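**Q** Structure for this input, please:
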Amino acid sequence: MDNHNIQDNTKYSNLFSFVTKKQMLFMVLLIIFTIALFVFMGCVENTGTNTKGKNNDPNSIKAIRIDESNLQEIYTLDEKIQNDLSLIVEYNDNSFKTVTVTPDMISGFDSSTNGTIHIQISYNGKFTFFTVQIGTLISNMYFQYQTVTADLDNLSDIYNICYVDYYNGGFDFFPVTADMLEIPSEVGQHNITYTYKGYSASFDLNIGGYFSYGDFEYYYDPDSNYHLIINYIGNSTNIIIPSAINGVPVKHFQVNDLFKNHISNIEHLTIPLMGLAFTDLYNYSNSDLTGHKPHLIVTVTDSLDDYWIDFVNDSFIKELIITAEITPVDWISNQNSQISSIIIENNFTNASAFSYLINENTKYLKLPSNFDLNYFDSLTSYMQNLFIDISEMSVIANKEIFESAKGVIIPDNLYNAYIIAWENDSQYTELLIKASEFSMSDDSPVNDYT
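**A** All right, here's what the predicted structure looks like:
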């Protein structure tokens, strides 16, 4: 019996052991399944949050940025950060709100040392940054010499001193040499700009030297009052001298032997109103140029304040056209020259200069529509050989002005009005010539050019 009981106990023990192992395995699998289920449900829940959760909530923040409308970008040493900083908050529904920045939202601000600092602003988990300058920002930069002169042969010697002022009251200065600049290789006046730490300053650079332009060779002396000296090197019959070249005003017309030898072939010379225009021709007009045919026309253009031109003894010029405006500070003189035809095409408001413009050799004078005829008061001694062309004027002139003239050329449509206004006084009416009937007679200077 005892053996039987032992066998039964062993049988039940083995069965219990088997059942227990199955239960334990089941329990383990159940636990694993449960965990997997929770993980899966969590993933599903998270997925749902991404599509329907707070990131797409219209009230959730999309981005923030600093309001720059009143942003202080420069601080002095130890200055406190401005207390009216504002933050622009953008929401997912594209709406905006302005929020006042409080001290607890700010990090990175330190004004104890010079330099650039980056400041961070945080708000509800979002961040933005901006930059300010402490102390050393440049307030002004300039050069010691506003004008520097140089020659084409020594451009490498260009030198200036740059001064820098800072907002914190400090300053600095240092030399600026040619290798730090972009130097042009052209003669003339140039503006040179230098950049330092993002700031710029400039000065004028006058480069002198020889250069060619068209039919002329020039020498620009930046230290001279005459600026450009011009030597004619071509063979054109129509010469035009500009009023400025490379930004340099033409102030001195100096001719060379090529020009003097070529004078007899020149038909039209155009020059600006300039000082000392024909200085070097004075000594040649009565000797070397004696045989020059009288056909040269000179046109004076581009009035420049306080300049003068003098045609003394210029026997080779027969017609002078003045398109420049002659003001009270300009001067143009024609004393003792052989110029027989003068045409004024612009304002002439210098009575004294006009009195020196006409001489005994002047035969024809054409005036603009706005010319002041009272200027003739000083010309009575030169009127007897002069045809005065006022065909551009639309008003009836006083007859007494032309008492000594050889003839008065008037607009055709005013001829009868002149006869009436001048009271059929033959002493004066015989002077009247219709513009359309004025011919190139022996008395007309234009005949000299044909």
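
**Q** alpha carbons only for contacts and neighbour counts from here, please
**A** Will do.

**Q** buried sites along stretch 373-390?
**A** When neighbours are counted by 16 or more other C-alpha atoms under 10 Å, the buried residues of stretch 373-390 are found to be Tyr375, Leu379, Tyr382, Met383, Gln384, Asn385, Leu386, Phe387, Ile388, Asp389, Ile390.

**Q** Also stretch 206-218?
**A** By neighbour count, with 16+ other C-alpha under 10 Å as the criterion, the buried positions of stretch 206-218 are Asn206, Ile207, Gly208, Gly209, Tyr210, Asp215, Phe216, Glu217, Tyr218.

**Q** so can I have JSON lines of the residues you listed showing pLDDT and secondary structure?
**A** Written out in JSON lines, the entries for the buried residues of stretch 206-218 read as follows (pLDDT from 0 to 100; DSSP: H, G, I helix; E, B strand; the rest coil):
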{"residue": "Asn206", "pLDDT": "90", "secondary structure": "strand"}
{"residue": "Ile207", "pLDDT": "92", "secondary structure": "strand"}
{"residue": "Gly208", "pLDDT": "90", "secondary structure": "strand"}
{"residue": "Gly209", "pLDDT": "88", "secondary structure": "strand"}
{"residue": "Tyr210", "pLDDT": "85", "secondary structure": "strand"}
{"residue": "Asp215", "pLDDT": "76", "secondary structure": "coil"}
{"residue": "Phe216", "pLDDT": "75", "secondary structure": "strand"}
{"residue": "Glu217", "pLDDT": "78", "secondary structure": "strand"}
{"residue": "Tyr218", "pLDDT": "77", "secondary structure": "strand"}
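
**Q** Can you pick out the most distant pair from the residues you listed?
**A** By the measure C-alpha to C-alpha, these have their two most distant members at Asn206 and Asp215, which lie 23.2 Å apart.

**Q** Just list whatever residues bridge to the spatially most central residue of the chain.
**A** Central residue of the chain (C-alpha atoms, centre = their mean): Asn191, 10.5 Å from the mean position. Legend: beta-bridge partners of Asn191 under DSSP bridges are Asp204.

**Q** So it is in contact with Ser202, correct?
**A** Yes - counting by C-alpha atoms under 8 Å, Ser202 is a contact partner of Asn191 at 6.6 Å.

**Q** need the contact list for the residue nearest to the centre of the chain.
**A** Contact partners of Asn191, counting by C-alpha atoms under 8 Å, 6 or more residues apart in numbering, are Ser202, Phe203, Asp204, Leu205.

**Q** What separation do you get for the third one and Ile183?
**A** As for Asp204, its distance to Ile183 is 11 Å (criterion: C-alpha to C-alpha, to the nearest Å).

**Q** Report the distance from the helix or strand hosting Ile419 to the chain centre.
**A** Remark: Ile419 resides in helix 415-421, with elements defined by DSSP states H and E. Centroid separation for helix 415-421 versus its chain: 53 Å, with C-alpha atoms, centre = their mean, to the nearest Å.

**Q** about what we covered before: ok, and the most crowded of the contacts of Asn191?
**A** Neighbour counts for the contacts of Asn191 were taken using other C-alpha atoms under 10 Å; the highest belongs to Leu205, which has 22 neighbours.

**Q** isn't it right next to His190, touching?
**A** Yes - counting by C-alpha under 8 Å, His190 is a contact partner of Leu205 at 5.1 Å.

**Q** Met27 falls within a helix, correct?
**A** Yes - note on Met27: a helix contains this position according to DSSP: H, G, I helix; E, B strand; the rest coil.

**Q** Count the residues that sit near it.
**A** Burial of Met27, expressed as a neighbour count using other C-alpha under 10 Å, amounts to 12.

**Q** Repeat that for Ile322.
**A** Other residues lying near Ile322 total 25 when counted by other C-alpha under 10 Å.

**Q** That one pairs with what?
**A** In this entry, Ile322 is beta-bridged to Val300, Ile344, by DSSP bridges.

**Q** what residues are up against it?
**A** Residues in contact with Ile322, defined by C-alpha under 8 Å, 6+ apart, are Thr299, Val300, Thr301, Ile342, Ile343, Ile344, Glu345, Asn346.

**Q** Look at the nearest residue to Asn70 once chain neighbours are set aside and say how many residues are nearby.
**A** Residue nearest to Asn70 in three dimensions, not counting chain neighbours: Leu85, with 7.7 Å by C-alpha to C-alpha, 6 or more residues apart in numbering. The burial count assigned to Leu85 is 18, neighbours taken as other C-alpha under 10 Å.

**Q** Would you confirm that Leu85 contacts Glu73?
**A** No - with contact taken as C-alpha under 8 Å, Leu85 and Glu73 are classed as non-touching, separated by 11.6 Å.

**Q** one step back: from Asp153, how far out is the residue nearest to the centre of the chain?
**A** Asn191 sits 19 Å away from Asp153, taking C-alpha to C-alpha as the criterion.

**Q** Phe203 too?
**A** Counting by C-alpha to C-alpha - Phe203 and Asp153 are separated by 20 Å.

**Q** Check Asn350 too.
**A** In this structure, Asn350 and Asp153 are separated by 44 Å, where distance is defined by C-alpha to C-alpha.

**Q** higher neighbour count, these two?
**A** Counting neighbours by other C-alpha under 10 Å for Asn350 and for Asp153 shows that Asn350 has the greater number, 18 against 11.

**Q** Name the nearest residue to the more buried one, sequence neighbours excluded.
**A** Take Asn350 and drop its neighbours on the chain: the residue closest to it by C-alpha to C-alpha, 6+ apart is Pro328, 4.6 Å away.

**Q** gap between Ile390 and Leu77?
**A** For Ile390, the distance to Leu77 (C-alpha to C-alpha) stands at 76 Å.
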